[in-house]
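K.L.:
fold the following, please.
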Amino acid sequence: MTPDPHINGDEMNQVLTKTPNEWRAGWKPAVAAAVGWGTAGVMITNTSSLFIEPIIADTGWTSSQVLLSPIMGVVTAISTPFVGKAVQRFGPKRVVLFGLIGLVASIGIFVSLPLILPVYYGFGLVAGAFVAAVSMVPWNRTVVSWFRKSAGKALSLMGLTAGVSVAILSPILVSVIGQWGWRAGYLVIAGILLVITVPVSLWGIRIRKDVQADPTETTENTAILIEAVDQQEPLTTLRSAVRNGDVWALGIAFAFMVMPVGGFLANMFPVLTTGGLDPASAATILSMFFVAAALGRVVSGLLLDVLPRYVVAVVFLGLGFVGALLLGLGSPLSFGMALVGIIAFAAVAGGETEMMGYFILRELGERSFAIAFSVIVVIFSVCSIGAPYVFSLFRDTTGSYTGALIVAAVIFAIGAAVFIWRAAAIRNRIPLGLVKDSAVAVEG
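P.N.:
Modelled structure (predicted):
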């Protein structure tokens, strides 16, 4: 079955995304995924910079040695395709519970051992594998099985919860670490996983079995166009995803969005303190970053449901460009300049994951989502694996992060150009590995 040739792109998008009663049917999985992502998926990575200075003070290691997020990132990237396959086979709930229990156990063992480099890096390796199981794939897979018309809003709900949870937790962790040390900070994270994330996952995480809307509530054109996108040949194996041109195109495009964000997040607290802010002001702005990122996720979700997705991506990359320049060139940083720069930078940091899920859903379909998402995560993770080290290298050699932030601004600009190029290529039917006559080309 093929789409009606008389339906234009705008009409197709309106019809394709028309599924009634989405929130009534899917609110529980959406809320569970949002809470799970906010309390597990981003917890360790987005608070990792809070542990840098205390561990340096305890050990005398350099800022490059103490970076744990790149090690975890490598293992998470390697593990993510297998997580995608496991989610496809066993469902997201089992995968999430496995990851949560493993992560709590690894934290408990880590804080009970002496802090030496083999133990430190060993924790990064083990925890990274479990982080993959509670990271983007299972939560996003849960949401996209329930939503079409409101996919952007539902994905942004996850981001909102993530931003709010980290914004609340960051000052608490700063206080706990200041009074009782970095080990107590990790135990707080483990406690949150056990008390909040595990019960919520048991309560609400599940996949919708009937992916299509009720046929009594679906027009003929809706059924035709849903089939055009979701029932094109799905990507069911890692090999098929790796050989797919759309997967690579999206992976490379989002790599330019993720690289500066990853480097900045891993070093965010020392970026602010070495820029001239006192620790208390830096902690306040750090909280504002996650609030702004949460708002960025909400705004990106709303915009994705009403505007062309490529326009939204380019606008947010532009905000990231502005934020990186403000933070990089404002030395010494005033509180006001740091706040404005953080808010602008946070916009792209907030919307990246939701945008990626939305792009994959719209261009590759719901049945290909888990496998495609996991491979794209690997592509941009490999591309961005050195970003935290670039930031720390600039600090170790120059005493500041200014050069790293200017490089981040350039990468954001390149990313915007890549998205513009892909949008133009789709619109003009330029071969880029796109499936001939696919729904991507028709929608474009």
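K.L.:
what's the closest non-adjacent residue to Tyr310?
P.N.:
In space, and not counting its chain neighbours, Tyr310 is closest to Ala423: 3.8 Å by CB to CB, 6 or more residues apart in numbering. Placement of C-beta: from N, CA and C, glycine included.
K.L.:
what about that neighbour, helix or strand, and which?
P.N.:
helix 402-427 (DSSP states H and E).
K.L.:
just checking, what packs against whichever strand or helix holds Leu393?
P.N.:
Assessed by DSSP H and E, Leu393 sits inside helix 387-398. The criterion is 3 or more CB pairs under 8 Å, 6 or more residues apart in numbering; DSSP states H and E, and the helices and strands that helix 387-398 contacts are helix 69-90, helix 245-274, helix 402-427.
K.L.:
ok, the residue nearest the centre of the chain - contacts?
P.N.:
Relative to the mean C-alpha position of the chain, the nearest C-alpha, by CA atoms, centre = their mean, is the one of Thr353, at 3.3 Å. Thr353 makes contacts with 136, 140, 155, 158-159, 297, as judged by CB atoms under 8 Å, 6 or more residues apart in numbering.
K.L.:
quick check, the residue nearest to Tyr310 in contact with Glu363.
P.N.:
No - counting by CB atoms under 8 Å, Glu363 is not a contact partner of Ala423; they are 11.5 Å apart.
K.L.:
all helices for the stretch 251-400 of the chain, in order.
P.N.:
Remark: helices of the stretch 251-400 of the chain, listed N- to C-terminal, are 279-304, 309-329, 335-364, 369-384, 387-398; assignment by DSSP state H, counting those that start in this stretch.
K.L.:
now the longest one against helix 309-329, angle please.
P.N.:
With axes from the mean of the first three to the mean of the last three CA atoms, to 10 degrees defining the directions, helix 335-364 sits at 150 degrees from helix 309-329.
K.L.:
now helix 335-364: buried residues?
P.N.:
Along helix 335-364, the positions that meet the burial threshold by neighbour count (16 or more other CB atoms under 10 Å) are 337-364.
K.L.:
same thing with the shortest one?
P.N.:
By neighbour count, and taking 16+ other CB under 10 Å as the criterion, the buried residues in helix 387-398 are 387-392, 394-395.
K.L.:
one more: the first one?
P.N.:
Neighbour-count burial for helix 279-304 flags 281-301, 303-304 (criterion: 16+ other CB under 10 Å).
K.L.:
run the chain-centre distance for that helix.
P.N.:
Here helix 279-304 is found 14 Å from its chain centre; the criterion is CA atoms, centre = their mean, to the nearest Å.
K.L.:
tell me, how many residues neighbour Val311?
P.N.:
Counted with other CB atoms under 10 Å, the neighbours of Val311 add up to 14.
K.L.:
how near is it to Phe412?
P.N.:
Here the distance between Val311 and Phe412 works out to 16 Å (CB to CB, to the nearest Å).
K.L.:
and the helices in the stretch 1-150 of the chain, which stretches?
P.N.:
For the stretch 1-150 of the chain, the helices identified by DSSP H, counting those that start in this stretch occupy 9-16, 22-36, 43-47, 52-59, 69-90, 92-111, 117-133, 136-144, in order along the chain.
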